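Peer 1: curious how this folds, go ahead:
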Amino acid sequence: MQGFLGNLPNSTGFFLLETDKIRIKTVPNGAALFRVEIPDKTGRFSNIALPLPYPDACIRSGTHAGTTLGPVAGRVENGRLQIPDRSLQLAQNEGRNHLHGGPGGLSRQVWQTVHARPDQVAYRLDLPDGLDGYPGNRTFWVGYALTGPAQLTIRYRVETDAPTPVSLSNHTYWNLSGDFAHPCTGHRLQIAARQACWNDQEHLPRGVLDVAGTPLDFTRPQEPAPHADHPQLHNALGYNNAYLLEGSPAVRLEHPASGRVLTMETDLPALVFYSGGYLAGEPLEGGCAAESAAFALEPQERPGLPALVLPGQPWERWIRLTFSAEQMPRQRFFTR
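Peer 2: Got it, this is the predicted structure:
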């Protein structure tokens with residue numbers, strides 16, 4: 001990962017990246033974004049990322065909160081994945097299906113810290129050929145860098161010695177109010193997508209639907225309605241759908257009461273919006289999470305279509321998060 005890598009011993013502590021407008025903690029456990037503090041419109045700082053009680057919880061929690069997902073984020077039916085000239089049998093770690101890279105996936109590993117400065121940190125992980133059914137001896141890099149006064153850029157890189165499928169993502173849960181003891185209400189969400197995948201009862205994508213006229217339509221700012229009467233929202237106690245991105249920025253999440261805004265840009269083609277329906281009772285720093293206490297916004301490759309990474313042809317992608325605190329206009333529109 002050019003521009004990030006250097007030499008630094010392994011570490012299990014957190015790293016603090018900060019300016020006068022943002023404070024971020026990352027940990028090598030799951031190469032996770034552990035804490036994000038930003039001010040509201042009055043200047044009061046609060047953590048807006050689901051706060052697990054300690055770093056080791058990142059690799060043990062079923063929420064995958066803050067972690068790097070992969071080698072293939074999301075679900076693979078029956079653990080069967082086809083790549084050119086080969087059918088892979090991946091580990092089945094959610095019933096009959098494969099979830100977020102399997103039991104040895106990126107979110108379950110303690111990464112090596114290879115570079116750290118006050119404004120950036122990078123992690124590296126080497127996984128052997130055959131782990132959880134994935135081919136190739138692979139090296140993964142994740143870099144977190146402050147690229148503006150209140151802007152964080154996440155960069156990914158994967159190298160392999162054999163063709164291998166890849167779809168990485170970040171699984172931070174967001175609540176711009178900073179209150180995780182209650183449902184994440186009072187937010188407005190906008191996603192630059194007119195289509196989303198519809199899921200079956202096992203949360204497996206089965207096709208693509210036009211979101212117009214449904215509670216899944218966030219082409220204009222709307223408050224998510226996890227309990228709306230729509231078949232897709234019955235599957236996961238709310239939203240758990242992959243959107244097919246087509247504009248920039250990909251996402252805008254705003255909380256008018258605090259004035260906080262999160263804008264997300266990415267070169268990844270899809271984004272899973274999960275409204276946290278199964279978070280209820282999850283142990284957190286200082287208490288337990290409420291149902292739908294936070295929203296996960298997970299950019300990734302299209303479901304069922306991971307990138308095929310070849311020897312000598314690294315896979316690289318990025319996610320850029322920009323934070324602000326402002327008085328809210330009535331509507332914002334994405335550029336097309």
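Peer 1: tell me the strands in the stretch 101-250 of the chain, going along the chain?
Peer 2: Using DSSP state E, counting those that start in this stretch, the strands assigned to the stretch 101-250 of the chain run over residues 112-117, 120-127, 138-148, 151-160, 164-166, 169-170, 173-174, 188-191, 195-199, 205-210, 240-244.
Peer 1: pick the most buried one from those.
Peer 2: Highest mean neighbour count of the strands of the stretch 101-250 of the chain: strand 169-170, a mean of 29 (counted as mean count of other CB atoms under 10 Å). Using the backbone N, CA and C atoms, a C-beta is placed for each residue, glycine as well.
Peer 1: helices or strands up against that strand?
Peer 2: The contact analysis (3 or more CB pairs under 8 Å, 6 or more residues apart in numbering; DSSP states H and E) places strand 169-170 against strand 68-69, strand 295-300.
Peer 1: coming back round to it: compile the strands of the stretch 101-250 of the chain into CSV and extend it with columns for mean pLDDT and distance to residue 254.
Peer 2: Output for those, formatted as CSV (pLDDT from 0 to 100; distance: least, CB to CB, whole Å):
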stretch, mean pLDDT, distance to residue 254
strand 112-117, 93, 31
strand 120-127, 97, 27
strand 138-148, 98, 18
strand 151-160, 98, 16
strand 164-166, 98, 32
strand 169-170, 98, 20
strand 173-174, 98, 11
strand 188-191, 98, 5
strand 195-199, 96, 20
strand 205-210, 95, 25
strand 240-244, 98, 18
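Peer 1: in a markdown table: the ones you listed, plus distance to residue 64.
Peer 2: Below are the strands of the stretch 101-250 of the chain laid out as a markdown table (distance: least, CB to CB, whole Å):
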| stretch | distance to residue 64 |
| --- | --- |
| strand 112-117 | 20 |
| strand 120-127 | 15 |
| strand 138-148 | 14 |
| strand 151-160 | 15 |
| strand 164-166 | 17 |
| strand 169-170 | 10 |
| strand 173-174 | 9 |
| strand 188-191 | 20 |
| strand 195-199 | 18 |
| strand 205-210 | 18 |
| strand 240-244 | 13 |
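Peer 1: nearest to residue 298, out of the ones you listed?
Peer 2: Nearest to residue 298 among the strands of the stretch 101-250 of the chain is strand 169-170 (4.4 Å), distances taken as CB to CB.
Peer 1: what's in contact with that closest one?
Peer 2: 33, 66-70, 73, 154, 268, 272, 298-300, 319 (CB atoms under 8 Å, 6 or more residues apart in numbering).
Peer 1: my read: residue 316 touches residue 156, true?
Peer 2: Yes - look at residue 316 against residue 156 with CB atoms under 8 Å: they come within range, at 6.5 Å.
Peer 1: which one among the contacts of strand 169-170 gets closest to residue 139?
Peer 2: Nearest to residue 139 among those: residue 70, at 12.3 Å, using CB to CB.
Peer 1: quick one: distance of stretch 274-286 to the chain centre.
Peer 2: The chain centre lies 15 Å from the centre of stretch 274-286; the measure is CA atoms, centre = their mean, to the nearest Å.
Peer 1: revised request: answer the last question for stretch 303-318.
Peer 2: 17 Å.
Peer 1: first-to-last residue distance for it?
Peer 2: End-to-end distance for stretch 303-318: 18 Å, by CA to CA, to the nearest Å.
Peer 1: out of the helices and strands packed on strand 169-170, which gets nearest to residue 53?
Peer 2: Nearest to residue 53, of all these, is strand 295-300, at 18.6 Å by CB to CB.
Peer 1: pLDDT of that closest one, averaged?
Peer 2: Strand 295-300 shows a mean pLDDT of 98.
Peer 1: ok and it relative to strand 151-160, angle-wise?
Peer 2: With axes from the mean of the first three to the mean of the last three CA atoms, to 10 degrees defining the directions, strand 295-300 sits at 40 degrees from strand 151-160.
Peer 1: now do strand 295-300: which elements does it pack against?
Peer 2: Counting contacts by 3+ CB pairs under 8 Å, 6+ apart, strand 295-300 is packed against strand 169-170, strand 173-174, strand 251-255, strand 260-266, strand 270-274.
Peer 1: send me that strand as PDB with only the CA atoms.
Peer 2: C-alpha atoms of strand 295-300 as PDB (Å, rounded to 0.1, in the frame of the first residue of the first chain):
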ATOM      1  CA  PHE A 295     -26.800   1.900  11.200                       C
ATOM      2  CA  ALA A 296     -24.100  -0.100   9.300                       C
ATOM      3  CA  LEU A 297     -23.200   1.300   5.800                       C
ATOM      4  CA  GLU A 298     -21.000  -1.200   4.200                       C
ATOM      5  CA  PRO A 299     -19.500  -0.400   0.700                       C
ATOM      6  CA  GLN A 300     -18.400  -3.600  -1.100                       C
END
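Peer 1: not counting that strand itself, show me its contacts.
Peer 2: Here strand 295-300 has contacts from 69, 73-74, 167-175, 184, 187, 189, 224, 242, 245, 250-251, 253, 264, 266, 268, 270-276, 317, 319, using CB under 8 Å, 6+ apart.
Peer 1: that older thread, quick one: which of the contacts of strand 169-170 is nearest residue 111?
Peer 2: residue 68 (8.0 Å).
Peer 1: just checking, that closest one touches residue 107?
Peer 2: Yes - assessed by CB under 8 Å, residue 68 is found in contact with residue 107 at 6.2 Å.
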